[in-house]
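In: based on what follows, work out the 3D shape:
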Amino acid sequence: DDILYAIGMDGASKTVNRFDTVSNQWLANGAEPLFKVTGACIAYNGTHFVMVDGYGYKSSTRFVYIQFYDIARDAWSMHTVEAPFNTTGLSRIDWRYQYCAFADDKLYIFGGKIGGSTYLDGMWRYDTLNQQFIS
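Out: All right, here's what the predicted structure looks like:
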């Protein structure tokens with residue numbers, strides 16, 4: 001595919017910008033993400049972009065929100081899953097500033113920050129087919 005994607009959030013906007021490198025032209029914007037966040041990691045597996053949690057959407061103390069952008073369908077979907085780390089004593093998660101990458105059809109998520117000042121140094125593996133974190 002000769003299309004470059006730029007997924008961005010700024011102020012009230014949330015966009016998927018697309019640029020055709022062959023025609024050297026911008027295409028119509030893709031479908032907007034389901035919700036706007038900052039500090040989320042984004043990974044690509046060849047057919048989907050995946051955006052993990054972030055700051056600014058929710059006030060959950062137990063769940064992580066993972067947004068999936070299906071390139072072929074130009075559509076977003078979301079998985080809501082139990083957090084893979086201890087959330088005791090937190091008023092909200094807002095998992096942000098983490099890193100993520102795909103390998104062996106699994107999404108790997110590294111580190112990050114939750115709440116106001118709790119830093120994480122773990123690594124978690126997410127099974128996108130079964131929609132769950134696995135050990």
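In: could you tell me which ranges of the protein sit under the pLDDT cut-off?
Out: Across the chain, the ranges flagged by pLDDT under 70 are 10-12, 57-61, 91-92.
In: center of it - which residue?
Out: To find the centre residue of the chain, average its C-alpha atoms and take the closest one (CA atoms, centre = their mean): that gives residue 51, at 1.1 Å.
In: name whatever forms a beta bridge with it.
Out: Beta bridges link residue 51 to residue 42, residue 67 when assigned by DSSP bridges.
In: who's in contact with it?
Out: Listed by CB atoms under 8 Å, 6 or more residues apart in numbering, the contact partners of residue 51 are 7, 33, 37, 40, 41, 42, 66, 67, 68, 69. Where C-beta positions appear, they are placed from N, C-alpha and C, glycine not excepted.
In: can you flag the buried ones in these?
Out: Buried members of these, scored by 16 or more other CB atoms under 10 Å, are 7, 33, 37, 40, 41, 66, 67, 68, 69.
In: contacting residues around the third one?
Out: The one in question is residue 37. When contacts are counted by CB under 8 Å, 6+ apart, residue 37 is found next to 9, 51, 53, 54, 55, 56, 57, 96.
In: could you do the first one as well?
Out: Applying CB under 8 Å, 6+ apart, we find residue 7 in contact with 15, 16, 17, 33, 42, 49, 51, 69.
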